[in-house]
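> One predicted model, sequence on top.
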Amino acid sequence: MLTKAEGSLELAQLVFVFAQRFAAALDPIVVSVADVAESGELPSWEPTAEDLVIAADTELDTACAAVAVHARLSADERTIVPVLDDVAAVRERLGLGRSRPYQMIKRTRAKLVELAGTGPDAQQIVLEVIELCR
């Protein structure tokens, strides 16, 4: 990454890349040596009840965001979202000529990216929207 950027990265950009790449390092399990010596056990890697609640809450937020994005798409956009990578399928589903499908695909992709946002769950939101459009 540093080589590609030729050393011209701001601190915020560097932090963002590390946070995306090493997300687990941002929430480490902290255990004192005294606790391990006292109990003789290391902490479990199994998710705690709190972790499960947070995961369920995140999943619910993602699903709600996907429903909101789905509602803002037009009927034609909903029709082509599952086949955005296949120009022939888009042409067939919408009954369009040769150049119009490319414009529709480009516009729909841009709209999906914009509506999904830039948060950590943006990719999951788009995947949920694709499922809703099937």
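Looks like it came in fine.
> Please report how far the most centrally placed residue in the chain lies from Ile130.
Centroid-nearest residue in the chain, with CA atoms, centre = their mean: Gln123, separated by 2.2 Å. For Gln123, the distance to Ile130 (CB to CB, to the nearest Å) stands at 11 Å. For glycine as for every other residue, the C-beta is placed from the backbone atoms N, C-alpha and C.
> same question, Gly40
Counting by CB to CB, the gap from Gly40 to Ile130 is 49 Å.
> Check Leu84 too.
Noted for Leu84: a distance of 8 Å to Ile130, by CB to CB.
> so where's the chain uncertain?
Applying pLDDT under 70 to the chain picks out residues 1-2, 22-29, 43-44.
> What ranges does it have for its strands?
Remark: strands of the chain are absent; assignment by DSSP state E.
> top helix in it by residue count?
Taking DSSP state H as the criterion, the chain has its longest helix at helix 49-72.
> Can you name the residues in contact with it?
47, 78, 111-112, 115-117, 121, 124-126, 128-129, 131-133 (CB atoms under 8 Å, 6 or more residues apart in numbering).
> where exactly do the helices run in this structure?
Going by DSSP H, the chain shows helices at 2-5, 11-21, 33-39, 49-72, 75-80, 87-94, 100-116, 122-133.
> from those, which stretch is densest packed?
Across these, averaging neighbours per residue (mean count of other CB atoms under 10 Å) puts helix 122-133 on top, at a mean of 18.
> what angle sits between that helix and helix 49-72?
Counting by axes from the mean of the first three to the mean of the last three CA atoms, to 10 degrees, helix 122-133 points 60 degrees away from the direction of helix 49-72.
> what's the angle between helix 122-133 and helix 100-116?
Using the same axes, to 10 degrees: helix 122-133 against helix 100-116 is 120 degrees.
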